[in-house]
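S.K.: quick one: sequence and predicted model below, then my questions.
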Amino acid sequence: MNNEIILKTEKLNKIYLRGEERVWALKDIDLTIKKGEFVAILGPSGSGKTTLLNLLSGFDKPTSGKIIFLDKEISLMKEKELQKIRSKYVGFIFQNFLLFPHLTVYENITLPFYFNKRKDKKEKIYEIAEKLSLISRLKHRPSQLSGGEMQKVAIARALIIEPLILFADEPTGNLDSENAFNIFKIFETLSKEGYTVVVVTHNWELISKFNVRKINLKDGKIV
Ligand SMILES: Nc1ncnc2c1ncn2[C@@H]1O[C@H](COP(=O)(O)OP(=O)(O)OP(=O)(O)O)[C@@H](O)[C@H]1O
Ligand SMILES: [Mg+2]
């Protein structure tokens, strides 16, 4: 692993307004993530895991504090500029896969090319499908796949732009333990290849089987 810092936060705070009430979801979060690190964000429900992931990935803005991605302060960027960075460097994987049911596996994987107005690179798609053992599924629709396969399609879709960093929010929340293990194995392999992987999970048992850096949140603070 090299020591290049790709993501850093300084005194990150997030306060949500819920009617009159202020919800202090993150408190003074300082963290540094290096290239190729495999990082798990852990903590009980409501501890701020999703909030932190959404800030780190540029989907939401902090109330105060800095987020520095590749030496650029993304917390100050306009949406359009942020969108450019996300589409170039960031892959996102969701608990419920978010595949398009009427598209084939192949088409689902190619979607980022359309959103980024890039040319569909057939070779790249086959290379990634091969790596994730999806070649025989490329013509299927999501309803014809197992949950584990659906999540692999979502990972393939995230990888297609060759992102620097992958974020996943409870990616195994809808999977049985065997499939969950396989998905984490894929993340581990990807991190060894140089991808930076940041995963939110509740699953301590699963995490204990992997060499992953743990960030524990409690009431919006790192503990
Ligand atoms: N859009 C919002 N508006 C108001 N409060 C919010 C909003 N999103 C999250 N919160 C609150 O912020 C706190 C942190 O929420 P967050 O979703 O980050 O927790 P989490 O650790 O991801 O929980 P879970 O494990 O249940 O997904 C909670 O108290 C939550 O109710
Ligand atoms: Mg959450």
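M.R.: On my side now, so go ahead. Ligands and ions are numbered 1, 2, ... in the order given.
S.K.: can you give me the strands for this protein?
M.R.: Secondary structure of the chain (DSSP state E): strands at 5-18, 21-34, 38-42, 64-69, 72-73, 90-93, 165-169, 196-200, 213-218, 221-222.
S.K.: just the CA trace of the third one, in CSV.
M.R.: Coordinates of the C-alpha atoms in strand 38-42 are reproduced here as CSV (Å, rounded to 0.1, in the frame of the first residue of the first chain):
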residue,chain,number,x,y,z
PHE,A,38,-9.9,-1.0,3.3
VAL,A,39,-12.0,0.9,5.9
ALA,A,40,-15.1,-0.1,7.8
ILE,A,41,-17.3,2.5,9.5
LEU,A,42,-19.1,0.8,12.3
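S.K.: what does it rub up against?
M.R.: 33, 49, 52-53, 187-188, 191, 196-202, 204, 207, 210-217 (CB atoms under 8 Å, 6 or more residues apart in numbering). In this view, the C-beta of every residue, glycine as well, is placed from N, C-alpha and C.
S.K.: return a ChimeraX selection command for the buried portion of the residues you listed.
M.R.: To isolate the buried members of the contacts of strand 38-42 in ChimeraX, using 16 or more other CB atoms under 10 Å:
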select :33,49,52,53,187,188,191,196,197,198,199,200,201,212,215,217
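S.K.: is it correct that residue 7 is in contact with residue 67?
M.R.: Yes: in this structure, residue 7 is within contact of residue 67 by CB atoms under 8 Å, at 7.5 Å.
S.K.: list the residues that contact both of those two?
M.R.: With CB under 8 Å, 6+ apart as the test, residue 7 and residue 67 both reach residue 56.
S.K.: will you turn the strands of the chain into TSV that also has mean pLDDT and distance to ligand 1?
M.R.: Putting the strands of the chain into TSV (pLDDT from 0 to 100; distance: least, CB to the nearest ligand atom, whole Å) gives the following:
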stretch	mean pLDDT	distance to ligand 1
strand 5-18	96	3
strand 21-34	97	4
strand 38-42	97	8
strand 64-69	97	16
strand 72-73	94	22
strand 90-93	95	15
strand 165-169	97	7
strand 196-200	98	7
strand 213-218	97	7
strand 221-222	97	12
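S.K.: any chance of TSV for the ones you listed, columns distance to residue 180?
M.R.: TSV is the format used below for the strands of the chain (distance: least, CB to CB, whole Å):
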stretch	distance to residue 180
strand 5-18	25
strand 21-34	23
strand 38-42	13
strand 64-69	28
strand 72-73	34
strand 90-93	13
strand 165-169	12
strand 196-200	11
strand 213-218	17
strand 221-222	25
